[in-house]
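One predicted model, sequence on top.
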Amino acid sequence: MAVFEYAPAPESRAIVNLKPSYGLFIDGEFVEGTETFKSISPASEEVLAEVANATEADVDRAVAAARRAYEKVWGPMSGAERAKYLFRIARLIQERSRELAVLESLDNGKPIRESRDVDLPLVAAHFFYYAGWADKLDHAGYGPNPKPHGVAGQIIPWNFPLLMLAWKIAPALAAGNTVVLKPAETTPLTALLFAEICQQADLPPGVVNIVTGAGATGAALVNHPDVDKVAFTGSTEVGRIIAKAVAGTKKKVTLELGGKAANIVFEDAAIDQAVEGIVNGIFFNQGHVCCAGSRLLVQESVADEVLESLKRRMATLRLGDPLDKNTDIGAINSAEQLARIKELTAAGSQEGAEVWSPPCELPARGFWFAPTIFTGVSQAHRIAREEIFGPVLSVLTFRTPAEAIEKANNTPYGLSAGIWTEKGSRILAVADQLRAGVVWANTFNKFDPTSPFGGYKESGYGREGGRHGLEAYLAH
Amino acid sequence: MTVTAPATDQVTGSNATLRAFLHGLPGVDKVGADARAAALGTRSIKTSSKVFAIDLAISMVDLTTLEGADTPGKVRALATKALRPDPLDPSCPAAAAVCVYPSMVADVREIVAGSTVKIASVATAFPAGQASLRVKIDDVRDAVAAGADEIDMVINRGSFLAGRYLEVFEEIVAVKEACGDARLKVIMETGELVTYDNVRRASWLSMLAGADFIKTSTGKISPAATPPVTLIMLEAVRDFLATTGRKVGVKPAGGIRTSKDAIKYLVLVNETAGDGWLDPHWFRFGASSLLNDLLLQRNKMKTGHYSGPDYVTLD
């Protein structure tokens, strides 16, 4: 009997030409900031580049540039002309997708297999999709001649840096808004490469501005009086602060926040594919996914065999170098996030849930967490209620469809859910009762630019993607 | 997936109980199975792991010729190649077997006797299987008498699709008995069964009836072997071992022509059934032109450059 070891198959870093330092992208140019911070690779803790930390004054300059561009160029421009720029950006993203994928994996820690096969194709698809809407807004269902808001302030998270940028910028620009976007402080680099692409596409100065920085930069953007629209993706905690900050102002706001999705496996499911869906639901992108299927609800009559299959499958997951093409699980994005995952999993063990991980060697440097499942979890455990945002699955059981629905909905969140059954009528009946913005049936974590995405309850408000995603960027 | 199998004689007591058991197996979601097979197809197998995989794949080839134009000369040439696929390199492993019609078994035997290369023979009115059981059994007995180590039988797809599972089961049982010591490979002709649910059911049916190997295709029907179908069969043998304690081999056949394809199949084996099946005793490729591509790639890995088709033997 032979052992089939996979030799290292690293994607080359040579394609990425990183500068030692990056300024802010304001009014079509990179300008130096007064303060800087470092962006590191979470897989090795190596410093990748120094990045400007935008101050209130920098944000003010960026908003002013966006305002000028909105009034003089982008606002008056016809939709058909705006579309040309968006199509050009989409094509440039495709042309430079290898470079962007490698940089995303370096800065974020996600496996190259995912940045290459999921993130980048979706990024380009979002720009292509919304480019197509730019000259058809009259027919989007928001009345004749809908108007843009003006300047959009957009704040995005670190889990899908470039994809979240695309979700924000593509519809905003298609609708005729200009943007000031703040990427997350741990993953600013692909947004800066995107700024280069805007230059390459000859996008008029000020239409897209990128201000890097942490919470204070985000607060300056949200509170800026000349911002017409705030769009945020991130934690529910920060979402609340933003909602309070914009309450009583003219600003429109959309929030895409946390989740604690139930992935429901019925006894009549296609078990092998359900196991794949469970793995994809929670271990995709190290579980750094707001819509991750972090609560597995499995029918008691098949719980043992599902768990046995799941454990066997988890033992084949390959954790390690994000740039290795065979890596399934990359690095945790930051020391801070790793500490949060450790804190919550410790609470899980302390509260009596049983923890299991496959044998899995963690690299010495960088931030790593082995894929983990907790069994014997009850609704009262913290790990069943709080968003862990890591590769940690809480397993609960149920006896009847009604109990599954009750448990699935028993959370302050409501972003996504999954249903696994070979019975079509059950899919429809259960989906109808789940209080979640996205319900996947016999699949999980599938995204498409034509499909709206967003939450119920404390998972936020507004929708991104599809025709619905335009609404956030149009006054009607 | 583990299936709690009741005692075999209860399951196979009547067509109704056999049907209830096979239809009680968990379904296969086609979209999910296709996606899983495609994802495993993106594994990047380079350098030392590629060298390993190519040699392993060569040792798993059932070098096959099943043509009306087959002659003793042709099959002797093929058998010689199976013994020593690369005449210039004695470190190259031998193929697993030579697979021919029953009338050619004796000729192959003269060449490979005493070696590790097995003699496989198709039988049971291959490829259609549309003959009486008596004729099929005689076909098997002929092949075994001529010295076949392995019998590749076809199931009666007509009976299977008509829901007459017990008929298919009993035919396999009878053929297995006629095989004696020869190992029995059961060809399901998955291209004619069409659905993945049928592939899973036919796999279990064959294994319950005593198959030593389950095999995708005759090579005469398109599609022949595909990665998702092989994935489902690998899940089936894995689950059958867990349930019954008996290990069954898998043989995708037909349409696997390049080293790249073969390596993808080995990744499927590795990550589905596990390394217990990474052995010519438990996994085979039914192929003819595949071997030359494996040899070309093997040479490339060894020397760093491609030698060209004139450096492998055409048989």
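Good, I have the coordinates. Residues are numbered from 1 along each chain as shown, chains lettered A, B, ... in the order given.

contacts and neighbour counts: CA atoms only from here.
Will do.

Identify the residue of the stretch 101-250 of chain A closest to chain B, quick one.
With CA to the nearest CA, the shortest gap between the stretch 101-250 of chain A and chain B falls at A:R113, namely 8.4 Å.

what sits against that residue?
A:K325, A:N326, A:T327, A:D328 (CA atoms under 8 Å, 6 or more residues apart in numbering or on different chains).

By neighbours, which of these wins?
With neighbours taken as other CA atoms under 10 Å in any protein chain shown, the top of the contacts of A:R113 is A:N326, carrying 25 neighbours.

and the residue of the stretch 251-400 of chain A at minimum distance from chain B, what is it in contact with?
Nearest to chain B in the stretch 251-400 of chain A, going by CA to the nearest CA, is A:A270, at a distance of 4.7 Å. Each residue near A:A270 by CA under 8 Å, 6+ apart is listed here: A:W420, A:T421, A:E422, B:P26, B:G27, B:V28, B:D29.

From A:V211, how far off is the fourth one?
Summarising the geometry, the distance separating B:P26 from A:V211, computed by CA to CA, to the nearest Å, is 52 Å.

Looking at these two, which is more packed in?
The residue with more neighbours, out of B:P26 and A:V211, is A:V211; 31 against 20, by other CA under 10 Å.

Poorly predicted segments of the stretch 201-315 of chain B, please.
Nowhere does the stretch 201-315 of chain B drop to pLDDT under 70.

Please list the residues of it that sit near chain A.
B:N270, B:E271, B:D275, B:G276, B:W277, B:L278, B:D279 (CA under 8 Å from any CA of the partner chain).

element containing residue 130?
By default, I'm working from chain A. helix A:120-133 (DSSP states H and E).

just A:A243 next, same as before
Judged by DSSP H and E, A:A243 forms part of helix A:236-246.

As a check, name the ranges of all helices in the stretch 201-350 of chain A.
A:215-223, A:236-246, A:271-283, A:300-314, A:335-350 (DSSP state H, counting those that start in this stretch).

Name the stretch among these that sits most buried.
Of those, the one with the most neighbours on average (mean count of other CA atoms under 10 Å in any protein chain shown) is helix A:271-283, at a mean of 25.

Output it as PDB, nothing but the C-alphas.
The C-alpha trace of helix A:271-283 is given here as PDB (Å, rounded to 0.1, in the frame of the first residue of the first chain):
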ATOM      1  CA  ILE A 271     -25.200  12.500   2.700                       C
ATOM      2  CA  ASP A 272     -21.900  12.600   0.800                       C
ATOM      3  CA  GLN A 273     -22.800  15.900  -0.800                       C
ATOM      4  CA  ALA A 274     -24.200  17.300   2.400                       C
ATOM      5  CA  VAL A 275     -20.900  16.600   4.100                       C
ATOM      6  CA  GLU A 276     -19.200  18.500   1.300                       C
ATOM      7  CA  GLY A 277     -21.600  21.300   1.900                       C
ATOM      8  CA  ILE A 278     -21.000  21.300   5.600                       C
ATOM      9  CA  VAL A 279     -17.200  21.500   5.000                       C
ATOM     10  CA  ASN A 280     -17.600  24.200   2.400                       C
ATOM     11  CA  GLY A 281     -20.100  26.000   4.600                       C
ATOM     12  CA  ILE A 282     -17.800  26.400   7.600                       C
ATOM     13  CA  PHE A 283     -14.200  25.800   6.400                       C
END
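
Please enumerate residues in contact with that helix?
A:263, A:265, A:287, A:292-294, A:296, A:306, A:309-310, A:313-314, A:329, A:371, A:390-393, A:420, A:442-445, B:1, B:26-29, B:32-33, B:36.

Quickly find the element holding the closest residue to the residue of the stretch 251-400 of chain A closest to chain B other than its chain neighbours.
Spatial nearest neighbour of A:A270, excluding adjacent residues (CA to CA, 6 or more residues apart in numbering or on different chains): B:G27 at 4.7 Å. Taking DSSP H and E as the definition, one finds B:G27 inside no helix or strand.
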